[in-house]
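Chemist: Show me how the following folds:
(chains A and B)
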There are 2 protein chains.
Amino acid sequence: MSQFLRKHIEGIVNLSDEEFETVQSLFIKRKFRKRQFVIQENQMVSEIYLIEKGLLKSSFTDQTGKEHILQFAAANWWISDFAGFFKKEPSSLAVDCIEDTEMYAVSHENLQVLCSEIPVMEHFFRIKSNFGYVALQQRILSLMSKSAKERYEDFVQQYPGFINHLPKQLIAAYLGISRETLSRLYT
Amino acid sequence: MSQFLRKHIEGIVNLSDEEFETVQSLFIKRKFRKRQFVIQENQMVSEIYLIEKGLLKSSFTDQTGKEHILQFAAANWWISDFAGFFKKEPSSLAVDCIEDTEMYAVSHENLQVLCSEIPVMEHFFRIKSNFGYVALQQRILSLMSKSAKERYEDFVQQYPGFINHLPKQLIAAYLGISRETLSRLYT
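Modeler: Residues are numbered from 1 along each chain as shown, chains lettered A, B, ... in the order given. Reported below is the predicted structural model:
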């Protein structure tokens, strides 16, 4: 029995032992190695992922080949190309591992079963979606209105545990600045 | 009985007449005039709104006094400062009316009652939150990777019905460009 999974879900809703049995049967454990892709661009997105261990990023590569990082994610975060998943469209993002990663995958079909058979899981996913929305709103306001220095400070606050695990060029690709500008902010 | 409200909700889930009676009692009709503020910055956000008629924007004013527009919204869209609402924090956004507006308001308390008493409404709000998330992801990718011209083309595609109702300076504040740059894109 996965204590991690139960603890993660019970951070928001309570589950009976019987409900948790069902939940556990619908979350599939997956392991990925550093640099492995979980989702590649222009593919159908069949799963969303809850991270137990590891570090990943979701990113968008523009027509000039430049990578823009939408999100970093570590233990207890969810990651996917949610737009591709929910709209059942090919992904515009890629998701790949910065470190070796262990995650729980939930497919479209299993998400439907979870939400229809266990009403508190529908509540859980609504609340998670609301928080995801809030994080994206914050990111938009930051991109629209803040200087590189302020965005860097927001980043340090949002990802306090990660910053030493991330190569500088990835932090720069998240902040939308050059490595040179980032180096000046570090000092 | 509000046919608008029922039709909006039944775009996603089916309601019995009895369920719709309950729904209707928990959505409060509100009217606002052009230029009136629905939410002001730094106030607690007590409601989310479904628009029946009218046109609004949500925006953020930075420390220099510059307005950045996060979203425009017309009939059948939801608007609020969702971050403030869901986190029960003071709003970072303002929401105000570009035209006279009629909306249905849902408070924190009524949202809880709706979701706990009518399971399909929890489903409805989860799906709406997912689509809201998808729209914000699109906006971030646009801000990070696209030129002013491409962002303008995305805007025309996303808001086909609005564009003639919006003053140019508001479109510029949404796109993050100057009015002069916008005028060049129009021609």
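
Chemist: The residue nearest to the spatial centre of chain A and B:Trp78: what is the separation?
Modeler: Nearest residue to the geometric centre of chain A (Cα atoms, centre = their mean): A:Ile79, 2.6 Å. Per Cβ to Cβ, to the nearest Å, A:Ile79 is found 25 Å from B:Trp78. Any C-beta I mention is one placed from the backbone N, CA and C, and that applies to glycine too.

Chemist: Flag every residue of chain A that's near chain B.
Modeler: Within chain A, the positions near chain B by Cβ under 8 Å from any Cβ of the partner chain are A:60, A:62, A:66, A:68, A:70, A:82-83, A:86-87, A:92, A:115, A:119, A:122-123, A:125-126, A:129-134, A:136-141, A:143-146, A:176.

Chemist: So which of these sit within strands?
Modeler: A:60, A:68, A:70 (DSSP state E).

Chemist: Output the residues you listed as TSV; include the columns neighbour count.
Modeler: Listed next are those as TSV, based on neighbours: other Cβ atoms under 10 Å in any protein chain shown:
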residue	neighbour count
A:Phe60	21
A:His68	17
A:Leu70	21
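
Chemist: Closest to A:Leu50 out of the residues you listed?
Modeler: Set against A:Leu50, the nearest of those by Cβ to Cβ is A:Leu70 (17.7 Å).

Chemist: The closest one - nearest residue in space that isn't next to it in sequence?
Modeler: A:Ser58 (4.8 Å; Cβ to Cβ, 6 or more residues apart in numbering or on different chains).

Chemist: what sits against that neighbour?
Modeler: A:39, A:69-71, A:73, A:79-81, A:93-95 (Cβ atoms under 8 Å, 6 or more residues apart in numbering or on different chains).

Chemist: Surely it is in a helix?
Modeler: No. Assigned with DSSP: H, G, I helix; E, B strand; the rest coil, A:Ser58 falls outside any helix and is strand.

Chemist: Quick check: bridge partners of it?
Modeler: With DSSP bridges as the criterion, A:Ser58 is bridged to A:Gln71, A:Val95.

Chemist: wait, doesn't A:Ala172 sit right on A:Ser178?
Modeler: Yes. Using Cβ atoms under 8 Å, A:Ala172 is in contact with A:Ser178, at 6.2 Å.
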